[in-house]
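Trainee: here is the input, now give the coordinates:
(4 chains, ligands or ions: 2)
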Amino acid sequence: MALEQLYQEVILDHYKNPRGKRAVPGAELSCSRNNPLCGDEITIYAHLEDGAVADLGFEGSGCSISIASASMLVEAATGRPLNEAQDVAVRFRAMMAGSVEPDEDTFGDLVSLTGVRKYPARIKCAVLAWDVFQEALSGAGDATGDAPH
Amino acid sequence: MALEQLYQEVILDHYKNPRGKRAVPGAELSCSRNNPLCGDEITIYAHLEDGAVADLGFEGSGCSISIASASMLVEAATGRPLNEAQDVAVRFRAMMAGSVEPDEDTFGDLVSLTGVRKYPARIKCAVLAWDVFQEALSGAGDATGDAPH
Amino acid sequence: MARVAEHAAALDVERIRADFPILRREVHGRPLVYLNSAATTQKPRQVIQALVEFYEQHNANAHRGVDTLGEEATALFEGARAKLAAFVGAPDPACIVFNRGTTESINLVAHAYGRKVLKEGDEVLLTQMEHHSNMIPWLLLAQATGATVRHLPIREDGTLELDALGSFLTHRTKIFSVTGMSNVLGTIPPLRRLADAAHAAGAVLVVDGAQLVPHLPVDVVDLDVDFLTVSGHKMLGPTASGGLYGRRELLEQMDPFMGGGEMIREVYWDRATWADVPWKFEAGTMNIAQEVGLAAAIDYLGALGMENVRAHEERITAYAMERLLDAGARIFGPTDPSVRSGAISFWFKDIHPHDLATVLDQEGVAIRAGHHCAQPLMRVLGVPATARASFYIYNTPDEVDALIDALRVAERLFRTA
Amino acid sequence: MARVAEHAAALDVERIRADFPILRREVHGRPLVYLNSAATTQKPRQVIQALVEFYEQHNANAHRGVDTLGEEATALFEGARAKLAAFVGAPDPACIVFNRGTTESINLVAHAYGRKVLKEGDEVLLTQMEHHSNMIPWLLLAQATGATVRHLPIREDGTLELDALGSFLTHRTKIFSVTGMSNVLGTIPPLRRLADAAHAAGAVLVVDGAQLVPHLPVDVVDLDVDFLTVSGHKMLGPTASGGLYGRRELLEQMDPFMGGGEMIREVYWDRATWADVPWKFEAGTMNIAQEVGLAAAIDYLGALGMENVRAHEERITAYAMERLLDAGARIFGPTDPSVRSGAISFWFKDIHPHDLATVLDQEGVAIRAGHHCAQPLMRVLGVPATARASFYIYNTPDEVDALIDALRVAERLFRTA
Ligand SMILES: Cc1ncc(COP(=O)(O)O)c(C=O)c1O
Ligand SMILES: Cc1ncc(COP(=O)(O)O)c(C=O)c1O
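Mentor: Residues are numbered from 1 along each chain as shown, chains lettered A, B, ... in the order given. Ligands and ions are numbered 1, 2, ... in the order given. Down below sits the predicted model:
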């Protein structure tokens, strides 16, 4: 049934027990963004070491999809070299847009979010954390008007 | 047939041979107004003596209905005491609005303009000269933005 | 309010429903349960038919032709103006300016009245429960003029903090703009009292009527308001229909808003004079068919009787609130159905409103989730968003039951294991 | 232009006419001969049906819901944007702002771009043949900013005095706004050349596309225009449909026009940030159904092919001009059908255009009489008003004959005895 496909166990698990839901001490990069449709807001904190994402965390409030997606982002990107982390983000967005097929090896738990593709209004929820993450990495977070308030 | 009722002989006659189509020498009252729908413009000149409309004239360009109506106005109002002239104007407007029945004794040639009542967009043409006349009499012509240009 | 309900006739909701083709639709295999009329209402066949008839029989530009179609279109358009004037109790159709709805109307007042009247140091008073459409135009106006925008607080129960009115509404206040009915809380402020207070302070009262006019009998003379906005799409009319009531003297003093064809009297290379009200505010080709459609909507509501519309909504709101509270929902805004509207914002079992709306949609139930264009109010309420069910003439108690059943489905899905 | 006609397929006008219910109407007992498409066009059943289907199946507010109807309405509305973008050759749907048409679009540019850019001493260049909708917004802007409005003259034959361009378009000119096709004279200015000249002078080129877009293939990239307005109601679409194409960088720099719901990102009591383009310019509930109807109109025109539309109009214009001249009419504007549109203004036997239109209407023939929202141009032409017949895809040579026959009736009626 469609609902169970959207709200898969793994999503609900990430929602209820989000990984890395905390401010990262000593994070050099941080960025905040909201989804103007629903008011959800996610802040991402990243601490870099030797060109890799050494520590990653997030804070914010949101629906199950946006929180689960943020939690999966933490799992998927922590420990990766910067360029690899950026690459995951690009490919995740492509997967949500439907131009890349889901593949468990590359995406792990993230595959569960493809159920959202059938709900256009919710895709924004799934990519919100990734928007913020990419903005944080680009160091652009401070330059835009979207800094944390 | 409808057209002949709108464009009665007497109207076409006033249109082609308008009475009083001239500036009145020594007119104390004058006023100009346009019909924004079509750009027609009528100027009315009135010279008063002993509380009566001693001389009346008009200038301007317009369709057959607006010119004929101006010409009939000159005929109907010239020589009348001010209050009587004003009264004719009020009653003519009421006739055009349909609230007063046409009556040859009171209105003379003006009765021919009731054919216009079936053409709502043209009623403005029939009352244009009368608008200007009433404004001229009220002495309001100079105070409004509608003075001749 | 209670008085209204007493002598009101019950609406024949089954017959009403038969007039709304979309209510026969299914969503995800379930019959559509449309509980989102505060966002926009559905349209009865009479309104759709009025549009079809206009385009099939009378379509022409209004106020421009002496041809038959042009005269018919003009008569229908101006006839719609007279109907809307009568519907809100306006003394004269010339007090009604047509446009796209409440947002355009408030922008019009802010621009054409506000820019003329406001000076640095002046104040515009709003309340904490306004829709963005009754906030942003004033913010932009304040930026352009140096005036300040203030916000009358609300109480815990979602009503206005009227005790504070005296300190917020002062001689500096030139414009007091308030919703006639909150789209989030359902609150119905005491407009006549606010009008009297505004006038005593030397301000004009602007009423955002987006939610008010569709749901309650309104008389601008009794209420003594200076401006009232109307959103046609929220009262059975087409999108892009509606307008602004304005006190005639005010409309006449005001500058134009948009410039263009039809709003002029005489145009020269370097200057122009304006048409009489209301046409001074209607530039270019207007929303002709849409206002003709709105006239059909007004006929429809008029035949039902606005007192009966209100009584129906009061009843269904009472039932919905009872069942929602029973089910464990937290309701924002006044809880007495006789002093509030049928727009019920709630929070249910800590399920995020977005998730709730998605689950409900799977069950065929359409509600709205989000900040409802009232972000600052959400901060006052301490929530990022709410779920909102809203009712209109076509909703039934059975649909309330369907809402509750769908909430249970969501509850099961999100229950912490 | 001639090139267009050569490889164009003839329109199947009888089949087209069958799509327009209103063309089966009678007026004063005569079949309707509608020669007023420059004022507004008639609507094919496909467009009417698109409206009906929207209201019967998908009606909801766009961009606000996660429910099925909300998503469908949003997809249809945004789909219409992509269609309009493709129709005018815009590189990206984000370059299309929806609104009521040309008048609102020009007001938007004057307000959101003009107020930001213009300073005292700057100039806005128009031409002598502009519609009031392309004059008044600039006049109001000039009053607000201290800028000056100038007007490029026209020649005797109704074309622009391009030799004077250099002295009118200077470094002081910040905005050059010109009609893409005159609604009075039919003139089609050389837009690419004007765009190049504007850009060389450091100005932006705004094109009033009210008449252009419905009648000629248009590509904003080829023409290199900065803004182009679209009036949906003049191209088979509903009233209150249409919008503005704007170069993306310009739209992004611009201030908002109207404030309200949906055009924001974040709202606080005392400040707000704006949504991305194009939504920054779309406040409150939009003309959703209308733009969906316009999409159906674009599909209809696209299926015919705009080159074929143009070729048909060129042919019928040639025939009408020949017959009008034969009948003794004086025609304003260019006389070569390959460089002009099918809007033909004329003066006939010294019969006032108003009288002419009334007589023609009695014969079932709808034309427009008046100043056509171009009072200053009338003064240049030395007439208080003109009669105007204008043609579109559904008009036939037989209808030209009906026009000429009706003119003879007027001639007999007004013949000086
Ligand atoms: C209270 C309130 N004000 C203003 C608006 C905006 O009105 P419109 O959609 O007519 O622009 C709405 C609805 O969206 C509303 O509920
Ligand atoms: C050349 C021209 N510009 C502007 C307009 C006004 O456009 P709209 O009716 O879309 O406001 C028109 C039509 O009335 C026109 O012909």
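
Trainee: how much space separates the residue lying closest to C:Arg193 once chain neighbours are set aside from C:Asp208?
Mentor: Distances taken as CB to CB, 6 or more residues apart in numbering or on different chains place C:Leu162 nearest to C:Arg193, at 7.6 Å, with adjacent residues excluded. To be clear about C-beta, it is placed using only N, CA and C from the backbone, and glycine gets the same treatment. Distance, C:Leu162 to C:Asp208, using CB to CB, to the nearest Å: 18 Å.

Trainee: neighbour count winner among the two?
Mentor: Taking neighbours as other CB atoms under 10 Å in any protein chain shown, C:Leu162 and C:Asp208 compare with C:Asp208 leading, 28 against 14.

Trainee: measure the closest residue to C:Gly328 other than its chain neighbours to C:Val184 for me?
Mentor: Leaving aside its sequence neighbours, C:Gly328 sits nearest to C:Lys349 (CB to CB, 6+ apart; 6.2 Å). Distance, C:Lys349 to C:Val184, using CB to CB: 20 Å.

Trainee: the more surrounded of those two?
Mentor: Using other CB under 10 Å, the more surrounded residue of C:Lys349 and C:Val184 is C:Val184, with 26 against 16.

Trainee: C:Ser345 is in contact with the more buried one, correct?
Mentor: Yes. Counting by CB atoms under 8 Å, C:Val184 sits close enough to C:Ser345 to count as a contact (5.2 Å).

Trainee: what does the stretch 1-150 of chain C have sitting close to ligand 1?
Mentor: Residues of the stretch 1-150 of chain C lying near ligand 1 by CB under 6 Å from any ligand atom: C:101-103, C:131, C:133-134.

Trainee: might you enumerate the residues of chain A proximal to chain C?
Mentor: Counting by CB under 8 Å from any CB of the partner chain, chain A comes close to chain C at A:2-3, A:6-7, A:12, A:16, A:37-41, A:61-65, A:119, A:122, A:125.

Trainee: I'd like to know how many residues surround residue 27.
Mentor: All of this is about chain A. A:Ala27 - counted by other CB under 10 Å - has 17 other residues nearby.

Trainee: please go with chain C instead
Mentor: 19.

Trainee: and the residue of the stretch 101-250 of chain C nearest ligand 1?
Mentor: Going by CB to the nearest ligand atom, ligand 1 is nearest to C:Gly101 of the stretch 101-250 of chain C, at 2.7 Å.

Trainee: in this structure that residue contacts D:Met286, no?
Mentor: No. Using CB under 8 Å, C:Gly101 is not in contact with D:Met286, being 9.4 Å away.

Trainee: what about these two, which has more around it?
Mentor: C:Gly101 (30 against 26).

Trainee: C:Gln375 versus the more buried one, what's the distance?
Mentor: Relative to C:Gln375, and taking CB to CB, C:Gly101 is found at 20 Å.

Trainee: got any residues that touch both of C:Gly101 and D:Met286?
Mentor: C:Ala240 (CB atoms under 8 Å, 6 or more residues apart in numbering or on different chains).

Trainee: tally of neighbours for C:Gly202?
Mentor: 12.

Trainee: ok so, going back, so who does the residue of the stretch 101-250 of chain C closest to ligand 1 touch?
Mentor: C:Gly101 makes contacts with C:210, C:229-234, C:240-243, D:284-285, as judged by CB under 8 Å, 6+ apart.

Trainee: can you report phi and psi for it?
Mentor: As for C:Gly101, its main-chain torsions (degrees, to the nearest 10) stand at phi 140, psi -160.

Trainee: just give the nearest non-adjacent residue to whichever residue of chain A sits closest to chain D, would you?
Mentor: Residue nearest to chain D within chain A: A:Ala121 (4.2 Å; CB to the nearest CB). Take A:Ala121 and drop its neighbours on the chain: the residue closest to it by CB to CB, 6+ apart is D:Val66, 4.2 Å away.

Trainee: tell me the contacts of the one you found?
Mentor: Counting by CB under 8 Å, 6+ apart, D:Val66 touches A:119, A:121-122, C:354, C:357-358, C:361, C:369.

Trainee: count the neighbours of the residue of chain A found nearest chain C for me.
Mentor: Residue nearest to chain C within chain A (CB to the nearest CB): A:Cys63, separated by 3.8 Å. Using other CB under 10 Å, A:Cys63 has 28 neighbouring residues.

Trainee: against C:His199, how distant is it?
Mentor: To C:His199, A:Cys63 is 46 Å away according to CB to CB.

Trainee: returning to what we had before: so the residue of chain A closest to chain C is in contact with C:His352, correct?
Mentor: Yes. A:Cys63 lies in contact with C:His352 (CB under 8 Å); the separation is 3.8 Å.

Trainee: OK, now which residue of the stretch 51-200 of chain C is nearest to ligand 2?
Mentor: For the stretch 51-200 of chain C, CB to the nearest ligand atom, closest residue to ligand 2: C:Asn61, 7.2 Å.

Trainee: you'd agree that residue is up against D:Ala39?
Mentor: Yes. Taking contacts as CB under 8 Å, C:Asn61 lies within contact range of D:Ala39: 4.3 Å.

Trainee: all the strands of chain A, in order from the start?
Mentor: For chain A, applying DSSP state E gives strands covering A:29-34, A:41-49, A:52-61.

Trainee: pull up the pairing partners for the shortest one, direction included.
Mentor: Here strand A:29-34 has these sheet partners by DSSP bridges: strand A:41-49 (antiparallel).

Trainee: what mean pLDDT does the partner strand get?
Mentor: In this model, strand A:41-49 has a mean pLDDT of 94.

Trainee: so which bits of stretch C:190-210 are buried?
Mentor: Buried positions in stretch C:190-210, judged by neighbour count with 16 or more other CB atoms under 10 Å in any protein chain shown: C:191, C:194-195, C:197-198, C:201, C:203-210.

Trainee: on that earlier part again, redo the contacts of C:Gly101 as CSV? Include pLDDT, secondary structure and distance to chain B.
Mentor: Below are the contacts of C:Gly101 laid out as CSV (pLDDT from 0 to 100; DSSP: H, G, I helix; E, B strand; the rest coil; distance: CB to the nearest CB, whole Å):
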residue, pLDDT, secondary structure, distance to chain B
C:Ala210, 98, coil, 33
C:Thr229, 98, strand, 28
C:Val230, 98, strand, 26
C:Ser231, 98, strand, 30
C:Gly232, 98, helix, 25
C:His233, 98, helix, 30
C:Lys234, 98, helix, 32
C:Ala240, 98, coil, 25
C:Ser241, 98, coil, 23
C:Gly242, 98, strand, 25
C:Gly243, 98, strand, 22
D:Gly284, 97, coil, 30
D:Thr285, 97, coil, 32
